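Visitor: based on what follows, work out the 3D shape:
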Amino acid sequence: MMRKVFLLSIVAGCAAVANAQVAEFSVSGGVSRFGDATLISDPSVGNVTIGNGFRLGLRLTLNTYRFMGWEIGYGYAHSNINIPGQGSVGLPVHAFFGDFLVYATPEGSRVRPFACGGIGFNSFFPPGSSVYYGNQQTKFGPNYGGGIKFKISGPFGARIDIRQYNTGKPDFFQTSVGPSGRLKQTEVTVGVSYNL
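Guide: Residues are numbered from 1 along each chain as shown. I've put the predicted structure just below:
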């Protein structure tokens, strides 16, 4: 009898917790802007820099409390490397991250401003290479920012995100003067979401 009561209480507890959680799946698109984007500053080579580009992203959010949640995501940024005398070549960047979210309004509100922060990594692929070659350079670092979520109708919503990813710089050119400092990539995206 005690065992049945214990199992029943576990099931009831799990059901109560499950009802308190709201999952969101979102797709977004926008721009990636790179700050402090000089990879090489050498008089013999010139300034090699990373240019701005577009960004696509996927996010899965689990709102575990009225004012807090967790999010994991993937982003693809397509940018370019500007090489003096050679023009620009494509630079794909794949990002993975996990964030903690704090909301200004409770779960169920039509408008939910939020702040977020977490860790992740960016994988930079050398110009002209493929993700299948395994020659990417992966750089870890924090990310932080915020945004706002809107309920549209039923399970559908919209969101705006502004985040900055702070990582090391890739070193593709093996020169005597390699990159220094941190690479700051700012994401500005608009997306749609589906609440499960």
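Visitor: in this structure, which helix or strand is least confident?
Guide: The weakest-scoring helix or strand in the chain, judged by mean pLDDT, DSSP states H and E, is helix 2-20 (a mean of 43).
Visitor: show me what the helix or strand following that one is packed against.
Guide: Using DSSP states H and E, the next helix or strand after helix 2-20 towards the C-terminus is strand 22-35. Judged by 3 or more Cβ pairs under 8 Å, 6 or more residues apart in numbering; DSSP states H and E, the packing partners of strand 22-35 are strand 46-63, strand 68-83, strand 156-168, strand 182-195. The C-beta positions use only the backbone N, C-alpha and C, and glycine is treated the same way.
Visitor: try it again with 10 Å
Guide: Applying 3 or more Cβ pairs under 10 Å, 6 or more residues apart in numbering; DSSP states H and E, we find strand 22-35 packed against strand 46-63, strand 68-83, strand 87-103, strand 137-153, strand 156-168, strand 182-195.
Visitor: can you put the ones you listed in JSON lines and add distance to Arg33?
Guide: As requested, the helices and strands packed on strand 22-35 are exported to JSON lines (distance: least, Cβ to Cβ, whole Å):
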{"stretch": "strand 46-63", "distance to Arg33": "5"}
{"stretch": "strand 68-83", "distance to Arg33": "9"}
{"stretch": "strand 87-103", "distance to Arg33": "12"}
{"stretch": "strand 137-153", "distance to Arg33": "13"}
{"stretch": "strand 156-168", "distance to Arg33": "9"}
{"stretch": "strand 182-195", "distance to Arg33": "5"}
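Visitor: can you lay out those as TSV showing mean neighbour count, distance to Ala23 and mean pLDDT?
Guide: Converted to TSV, the helices and strands packed on strand 22-35 look like this (neighbours: other Cβ atoms under 10 Å; distance: least, Cβ to Cβ, whole Å; pLDDT from 0 to 100):
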stretch	mean neighbour count	distance to Ala23	mean pLDDT
strand 46-63	18	5	92
strand 68-83	19	9	93
strand 87-103	17	13	93
strand 137-153	16	13	96
strand 156-168	18	12	96
strand 182-195	18	7	96
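Visitor: closest one to Ser28 among those?
Guide: Closest to Ser28 of these, according to Cβ to Cβ: strand 182-195, at 2.7 Å.
Visitor: partners of the closest one in the sheet?
Guide: Strand 182-195 pairs in its sheet with strand 22-35 (antiparallel), strand 156-168 (antiparallel), by DSSP bridges.
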